[in-house]
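>>> Everything below, folded, please.
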Amino acid sequence: MRRTALAALCIAAAATAGLTGCQPGQDKADSRTSASSASAEPGRSAAKKEPFAGLTGGEIADRATKATTGASSLRMKGAIPDDESGGTISLDVLLNKKGECAGTIGMGGKGKADLIKTGDIVYMKFDEALLREQSEGESKADTDAAVAMLAGKWTKTKATGEDAKEFEGFCDLGAVLDGAEDGNSDASRGSTATVDGAPAITLHEKDGKDRYTLYVATEGKPYLLRIDSTAGADQGSVTFSDFDEPVPAGKPAGEILDLDALGG
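Below is the predicted model:
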């Protein structure tokens, strides 16, 4: 099945989280919008120019794919299902095609980690809740010792190390967008909306029982601003912003624990 703008970027947003089902088929979706913080704008004046006048939903989606995959960096923020744990991963990460990133990853309300990757080094700062979650099955003494040593402190490890693999996949925009193809979307047009104050048009796609809503910017470049999986097994939402902005991926200040050295 071909990858549309939605499919490629829905998979992209999932990254290492294992989100599946984001591969819309060739059926036309209905024109309903999802109930979310992206708000529809009813009663727009007929005198106001229609966004993307004369273009089909598929043509708009194809333009959004080209613009979004052409960005050198962007920010991903939202919540996506994690098939492995059955929970939800929250993320707020700015990443670029150089493999750099800076942001925060949360594990379904069970803690979070600050994340920076620059060069071949991944810096992470775990809170106590995440450390305890990751230590499930360990003895209380070992867990307490890990919390005392690591909680709230910056650590570093090579990007290829075991401790980094779970998080490093969120950092390379080139890999995240790999496989996004330009063309042949079957999205249908919806109503206008706003995403964090930016005007947008909604597009809809479906694959069996799964339903997806895309929000595409109507001012400036037609970036994809938001994806909602609104029905089906894997429901979630991710917004995209800060296109082509620099990633603050510098080495953290202060003491940094070297996990590779601690591991011998």
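
>>> Surely residue 129 forms part of a helix?
Yes. Using DSSP: H, G, I helix; E, B strand; the rest coil, the assignment for residue 129 is a helix.

>>> Name the nearest residue to it, sequence neighbours excluded.
residue 111 (3.2 Å; CB to CB, 6 or more residues apart in numbering). No exception for glycine: its C-beta is placed from N, CA and C like everyone else's.

>>> residues in contact with that neighbour?
Counting by CB atoms under 8 Å, 6 or more residues apart in numbering, residue 111 touches 126, 127, 128, 129, 130, 131, 132, 133.

>>> ranges for the helices of the chain?
5-14, 57-69, 128-134, 140-150, 162-168, 173-176, 259-262 (DSSP state H).

>>> Using a markdown table, please lay out the ones you listed together with distance to residue 236.
Shown next, in a markdown table, are the helices of the chain (distance: least, CB to CB, whole Å):
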| stretch | distance to residue 236 |
| --- | --- |
| helix 5-14 | 8 |
| helix 57-69 | 18 |
| helix 128-134 | 20 |
| helix 140-150 | 29 |
| helix 162-168 | 18 |
| helix 173-176 | 15 |
| helix 259-262 | 30 |
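
>>> Make CSV out of those and add mean pLDDT, distance to residue 191 and mean neighbour count.
Listed next are those as CSV, based on pLDDT from 0 to 100; distance: least, CB to CB, whole Å; neighbours: other CB atoms under 10 Å:
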stretch, mean pLDDT, distance to residue 191, mean neighbour count
helix 5-14, 42, 17, 25
helix 57-69, 89, 12, 22
helix 128-134, 88, 40, 18
helix 140-150, 91, 48, 14
helix 162-168, 69, 37, 18
helix 173-176, 80, 29, 20
helix 259-262, 84, 49, 14
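
>>> unless I'm mixing things up, residue 159 is touching residue 123, no?
No. If you go by CB atoms under 8 Å, residue 159 and residue 123 don't touch, sitting 10.5 Å apart.

>>> measure the spatially closest residue to residue 256 that is not a sequence neighbour to residue 189 for me?
With sequence-adjacent residues excluded and distances taken as CB to CB, 6+ apart, residue 256 is closest to residue 154, at 4.7 Å. Relative to residue 189, residue 154 is positioned 47 Å away (CB to CB, to the nearest Å).

>>> swap in residue 205?
Counting by CB to CB, the gap from residue 205 to residue 189 is 11 Å.

>>> Now do the strands in the stretch 51-200 of the chain.
Listed from the start of the chain, the stretch 51-200 of the chain has strands (DSSP state E, counting those that start in this stretch) covering 73-82, 87-96, 101-107, 112-118, 121-126, 154-158, 188-195, 198-207.

>>> Put the alpha carbons of the fourth one into CSV.
Going back to what we said before, that points to strand 112-118. Provided in CSV are the C-alpha atoms of strand 112-118 (Å, rounded to 0.1, in the frame of the first residue of the first chain):
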residue,chain,number,x,y,z
LYS,A,112,9.9,11.4,31.7
ALA,A,113,13.4,12.0,30.4
ASP,A,114,15.0,15.1,29.0
LEU,A,115,16.9,14.3,25.9
ILE,A,116,19.7,15.9,23.9
LYS,A,117,21.7,14.4,21.0
THR,A,118,24.7,16.1,19.4
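
>>> what residues does that strand touch?
Contacts of strand 112-118 (CB under 8 Å, 6+ apart): 90, 93, 99-106, 122-127, 129-130, 154, 159, 167-168, 170-171, 249-252.
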